[in-house]
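Participant: the sequence and its predicted three-dimensional model are supplied below.
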Amino acid sequence: MKAATQGITGPVDYTSRTAYRRPPALYRGIQPLGVMLVSLGLTPETVVVLEVRGRRSGKLRRNVVVRTLYQGQQYLVALAGESEWVRNVRAAGGRAVIRHGGAREASLVEVPPDERPPIIWAYLHRPGPSSPAEEARHYFGVRPDVSQEEMRSLVDRYPVFRITEARL
């Protein structure tokens with residue numbers, strides 16, 4: 001199944017097998033506002049700002065991401081696959097800062113593909129206002145009731161990082 005968004009965000013196919021999918025222009029335009037709101041803690045606790053040094057520029061890069069909980073651990077799922085923040089985290093050796101109403105130093109460790117299915121499944125079934133059905137179709141190109149076993153064929157395209165935090 002192919003999933004693509006339409007409308008003001010523009011078409012983006014997050015399910016295609018590609019190395020990088022650039023976010024829609026509208027998202028890139030409102031990103032600074034999102035970073036500010038999340039940093040101040042004005043969003044749900046699962047929405048955080050990830051700060052990491054750019055691998056080429058060395059400048060601090062900020063991205064709004066959603067963390068998910070699985071078996072008592074926190075994780076980040078790269079919904080757009082091999083995105084810029086994923087590449088920057090790898091280049092930074094996993095060193096980052098997580099912000100949500102405060103700052104915490106974090107170490108991000110990439111999860112091997114064979115361990116990703118239950119974490120991605122937990123992401124899709126997390127409590128909150130988002131629609132798991134819509135996210136399953138939009139980002140992963142699967143139906144909402146996808147099993148963890150069925151997810152195995154996709155996980156190599158969606159990096160997942162375990163978060164270990166320490167208060168700054």
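Facilitator: In hand now; what should we look at? Every value quoted in this text rests on a predicted model; they were computed, and no experiment measured them. Residues are numbered from 1 along each chain as shown.
Participant: for this structure, give me the ranges with low pLDDT.
Facilitator: Within the chain, the stretches with pLDDT under 70 are 1-33, 38, 42, 128-133, 166-168.
Participant: now the helices for it?
Facilitator: 25-39, 84-91, 117-124, 132-135, 148-151 (DSSP state H).
Participant: who touches the second one?
Facilitator: With Cβ atoms under 8 Å, 6 or more residues apart in numbering as the test, helix 84-91 has contacts from 20, 50, 52-55, 61, 63, 65, 78, 96, 108, 110, 159, 161. Any C-beta I mention is one placed from the backbone N, CA and C, and that applies to glycine too.
Participant: residue 95 contacts residue 52, correct?
Facilitator: Yes: with contact defined as Cβ atoms under 8 Å, residue 95 reaches residue 52; the gap is 7.4 Å.
Participant: please say which of the two ends up with more neighbours.
Facilitator: Set residue 95 next to residue 52 and count neighbours by other Cβ atoms under 10 Å: residue 52 wins out with 24 against 13.
Participant: and the more buried one, what does it touch?
Facilitator: So residue 52 contacts 60-61, 85, 88-89, 92, 95-97 (Cβ under 8 Å, 6+ apart).
Participant: what do you get if the cut-off is 6 Å, keeping everything else the same?
Facilitator: 61, 88-89, 92, 96 (Cβ atoms under 6 Å, 6 or more residues apart in numbering).
Participant: which one's the longest strand in this protein?
Facilitator: The longest strand of the chain (DSSP state E) is strand 60-70.
Participant: in that one, which residues are buried?
Facilitator: 61-68, 70 (16 or more other Cβ atoms under 10 Å).
Participant: who does it touch, helix- and strand-wise?
Facilitator: Counting contacts by 3 or more Cβ pairs under 6 Å, 6 or more residues apart in numbering; DSSP states H and E, strand 60-70 packs against helix 25-39, strand 47-53, strand 73-77, helix 117-124.
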